[in-house]
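Undergrad: coords please:
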Amino acid sequence: MSHTTKNGFSTPYVEMDREAWAALRASTPLSLTEADLAELRGTTDPTSLDDVRDVYLPLSRLLNLYVGATQQRHAAVRAFLGESDRPSPFIIGVAGSVAVGKSTTARLLRSLLAQWPNHPDVELVSTDNFLHANAVLESRGLMRRKGFPESYDRRALVRFVSEMKAGADRIDIPVYSHLNYDIVPDERQTVHRPDILIVEGINVLQAPSAGRLAVADFFDFSIYVDAKVENIRGWYLDRFRELRRTAFSDPRSYFHHMATAISEEESLEFAANTWRTINEVNLVENIRPTRGRATLVLYKGDDHRVRRVRLRKT
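TA: A predicted model of the protein is given here:
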């Protein structure tokens with residue numbers, strides 16, 4: 001456990017190895033089964049029950065403490081103002097590269113946090129739902145920039161999180177389909193005022209433009225899932241191979257031709273080029289620079305398992 005830099009200066013961060021972090025689980029019970037975990041894991045994600053015990057249960061306990069403290073602070077403000085309505089949701093942001101495992105992290109936290117009695121209602125929203133439709137991206141010449149900050153309807157995303165934080169009872173938002181690789185027309189996700197709202201996406205920790213608000217301005221806690229670029233590249237290609245064998249074989253899939261019309265070698269060459277020219281560029285230029293804004297960073301090793309944790313104490 002480290003509280004100082006190599007130069008001996010004090011730092012607002014504490015960094016722990018997996019063993020030290022796991023000890024902070026205390027008596028938090030493990031409520032998930034192998035079957036539950038299988039439903040929550042992403043494609044080719046190797047997260048195990050040991051990972052849940054060592055990494056995500058301590059994180060669940062920490063977040064429960066944060067939520068309790070925030071609820072008490074909100075209660076004090078409402079008492080001062082003479083208001084009696086429910087507190088606004090505690091909002092958690094989960095960021096990181098494509099294929100690093102942030103979606104699995106978000107789903108695990110949703111399941112674990114809902115087990116605590118003081119905040120049973122936990123909602124999860126992906127920022128993919130706020131991507132511009134493909135027709136809009138094509139008209140703006142942004143299809144090769146899909147996933148970059150400018151490919152999102154950032155105004156709508158900020159408005160959604162702002163209204164949630166303000167206590168809106170219900171908000172309908174668009175729905176993105178990974179099968180169709182596009183926003184689904186006339187389909188909406190309804191988010192009812194939860195105790196906790198988890199917002200997951202590659203760019204959720206982006207800093208605001210001058211004079212504007214960013215979605216991260218409304219977060220009570222934020223998590224960045226990190227790993228070496230070369231490791232993420234390998235996981236991305238592994239996932240692509242598995243999707244080619246499974247989801248892409250569905251005739252409705254946007255990438256169906258990857259499983260039927262071209263060879264495996266050609267499809268993997270496409271995936272490698274997509275990583276190199278789009279996803280890695282986005283990671284280096286836009287995503288990783290936001291890591292320092294996170295309350296907590298989960299560092300993954302070569303085997304996709306969390307090895308270190310860095311927590312901002314203040």
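Undergrad: use CA for all of it now, contacts and neighbours both
TA: Noted.
Undergrad: which ones are touching Thr70?
TA: The neighbours of Thr70, taking CA atoms under 8 Å, 6 or more residues apart in numbering as the test, are Phe90.
Undergrad: Report the secondary structure element holding it.
TA: According to DSSP states H and E, Thr70 maps onto helix 57-81.
Undergrad: ok now the helix or strand that that helix is followed by, how far from the chain's centre?
TA: For helix 57-81, the following helix or strand on the C-terminal side (DSSP H and E) is strand 90-96. Counting by CA atoms, centre = their mean, to the nearest Å, strand 90-96 is centred 6 Å from the centre of its parent chain.
Undergrad: Using CSV, write out every CA atom in strand 90-96.
TA: Extracted as CSV, the C-alpha positions of strand 90-96 are listed here (Å, rounded to 0.1, in the frame of the first residue of the first chain):
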residue,chain,number,x,y,z
PHE,A,90,-26.0,8.2,-6.6
ILE,A,91,-24.3,8.2,-10.0
ILE,A,92,-21.2,6.0,-10.8
GLY,A,93,-19.2,6.3,-14.0
VAL,A,94,-17.3,3.4,-15.5
ALA,A,95,-14.8,4.1,-18.2
GLY,A,96,-12.1,2.3,-20.2
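Undergrad: quick check: angle from it to helix 57-81?
TA: Regarding strand 90-96 and helix 57-81, their directions subtend 140 degrees when assessed with axes from the mean of the first three to the mean of the last three CA atoms, to 10 degrees.
Undergrad: ok, then the element right after strand 90-96?
TA: Once the chain leaves strand 90-96, the next helix or strand it forms, by DSSP H and E, is helix 102-113.
Undergrad: just checking, what packs against the following helix or strand past that next one?
TA: From helix 102-113 onward toward the C-terminus, using DSSP H and E, the following helix or strand is strand 122-126. If you count contacts as 3 or more CA pairs under 8 Å, 6 or more residues apart in numbering; DSSP states H and E, strand 122-126 packs onto helix 102-113, strand 196-200.
Undergrad: now do 10 Å
TA: Contact partners of strand 122-126 among helices and strands, from 3 or more CA pairs under 10 Å, 6 or more residues apart in numbering; DSSP states H and E: strand 90-96, helix 102-113, strand 170-177, strand 182-192, strand 196-200.
Undergrad: Neighbouring strands - and their directions - for it?
TA: In the sheet containing strand 122-126, the strands it pairs with under DSSP bridges are strand 196-200 (parallel).
Undergrad: Can you pull out the residues in contact with the strand it pairs with?
TA: Strand 196-200 is touched from outside by 67, 88-96, 102-107, 109-110, 113-114, 119-128, 161, 164-165, 191, 215-216, 219, 221-223, with contacts defined as CA atoms under 10 Å, 6 or more residues apart in numbering.
Undergrad: buried residues in it?
TA: By neighbour count, with 16 or more other CA atoms under 10 Å as the criterion, the buried positions of strand 196-200 are Ile196, Leu197, Ile198, Val199, Glu200.
Undergrad: Please apply the same query to stretch 293-311.
TA: By 16+ other CA under 10 Å, the buried positions in stretch 293-311 come out as 293-300, 304-311.
Undergrad: so where's the stretch 51-200 of the chain uncertain?
TA: Across the stretch 51-200 of the chain, no stretch falls below the confidence threshold (pLDDT under 70).
Undergrad: If we use 90, what do you get?
TA: In the predicted model of the stretch 51-200 of the chain, residues 71, 73-79, 81-88, 118-119, 167 satisfy pLDDT under 90.
Undergrad: quick one: Tyr236 is in a helix?
TA: Yes. The assignment for Tyr236 is a helix, going by DSSP: H, G, I helix; E, B strand; the rest coil.
Undergrad: what's near enough to touch the residue lying closest to it once chain neighbours are set aside?
TA: The shortest distance from Tyr236 to any non-neighbouring residue, by CA to CA, 6 or more residues apart in numbering, is to Ala99 (5.2 Å). For Ala99, the set of contacting residues under the criterion of CA under 10 Å, 6+ apart consists of 42-45, 231-240, 279.
Undergrad: next one: Thr260
TA: Residues in contact with Thr260, defined by CA under 10 Å, 6+ apart, are Arg244, Phe248, Ser249, Pro251, Ser267.
Undergrad: From Asn203, how far out is Thr290?
TA: Distance of Thr290 to Asn203, given as CA to CA, to the nearest Å: 8 Å.
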